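Colleague: Provide a 3D model corresponding to the input given below.
(one chain, ligands or ions: 1)
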Amino acid sequence: MSALDRLAATIAARRGADPATSWTARLLADPDKAAEKFGEEAVEAVIEAVRADPAKLTSEAADALYHLLVMCAARGVTLADIEAELTRRESRSGLEEKAARRR
Ligand SMILES: N=c1c2ncn([C@@H]3O[C@H](COP(=O)(O)OP(=O)(O)OP(=O)(O)O)[C@@H](O)[C@H]3O)c2ncn1[C@@H]1O[C@H](COP(=O)(O)O)[C@@H](O)[C@H]1O
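Modeller: Okay, here's the model as predicted:
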């Protein structure tokens with residue numbers, strides 16, 4: 001099992017946990033807050049990408065990935081759902097897909 005799979009399983013297991021003892025449970029109970037936190041963490045990752053600091057970008061990317069998974073879980077979207085969508089896209093390049101949308 002990858003670290004991402006373990007993280008997704010931990011997030012799923014936090015549903016209904018005590019928000020006083022779990023940050024994940026607190027966000028799962030408040031989907032709008034989860035979305036807001038993902039937005040903040042994504043912006044922090046963008047800032048480190050522009051600054052070109054690989055260590056800080058790694059840390060902010062981990063924060064963003066965790067908060068992305070929590071935001072999706074708060075709305076019933078699982079890592080398996082996202083992986084299925086990524087798998088569906090494997091047969092087509094991004095540029096092909098963009099061109100098809102403009103036709
Ligand atoms: N990966 C993470 C993870 N990354 C970041 N965070 C938390 O996200 C919170 C947001 O941090 P910020 O500093 O951005 O926000 P803030 O604390 O509100 O501070 P300000 O920016 O407002 O000043 C912090 O409490 C971090 O600890 C995480 N909390 C949990 N996890 C994973 O989720 C598991 C379960 O955590 P709990 O649900 O808390 O038990 C953990 O074992 C980890 O594997």
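
Colleague: what about the residue nearest the centre of the chain, helix or strand, and which?
Modeller: With distances taken as C-alpha atoms, centre = their mean, L68 lies nearest the centre of the chain, 2.1 Å away. Assigned by DSSP states H and E, L68 falls within helix 54-74.

Colleague: Tell me which residues touch the residue nearest to the centre of the chain, please.
Modeller: Going by C-beta atoms under 8 Å, 6 or more residues apart in numbering, L68 touches F38, A42. The way it works is simple: take the backbone N, C-alpha and C, and place the C-beta from them, glycine included.

Colleague: Then G94?
Modeller: Neighbour list for G94: empty [criterion: C-beta under 8 Å, 6+ apart].

Colleague: List the residues that contact A74.
Modeller: Counting by C-beta under 8 Å, 6+ apart, A74 makes contact with L27, L28, D30, P31, A34, A35.

Colleague: My read is that the fourth one contacts M71, right?
Modeller: Yes - taking contacts as C-beta atoms under 8 Å, P31 lies within contact range of M71: 7.3 Å.

Colleague: who has more neighbours, these two?
Modeller: Between P31 and M71, counted using other C-beta atoms under 10 Å, the more crowded position is M71 (22 against 16).

Colleague: any idea how far A29 is from that one?
Modeller: From M71 across to A29, the span is 13 Å (C-beta to C-beta, to the nearest Å).

Colleague: What residues does this structure have near the ligand?
Modeller: Selection of the chain residues close to the ligand by C-beta under 6 Å from any ligand atom yields L7, T10, R14, S22, W23, T24, A25, D63, Y66.

Colleague: Is the second one part of a helix or strand, or is it coil?
Modeller: The reference is to T10. Put simply, T10 is helix when judged by DSSP: H, G, I helix; E, B strand; the rest coil.

Colleague: State the number of residues packed around the closest residue to R51 other than its chain neighbours.
Modeller: In space, and not counting its chain neighbours, R51 is closest to L57: 7.9 Å by C-beta to C-beta, 6 or more residues apart in numbering. Neighbourhood size, L57 [other C-beta under 10 Å]: 19.

Colleague: Right, I'll leave it there.
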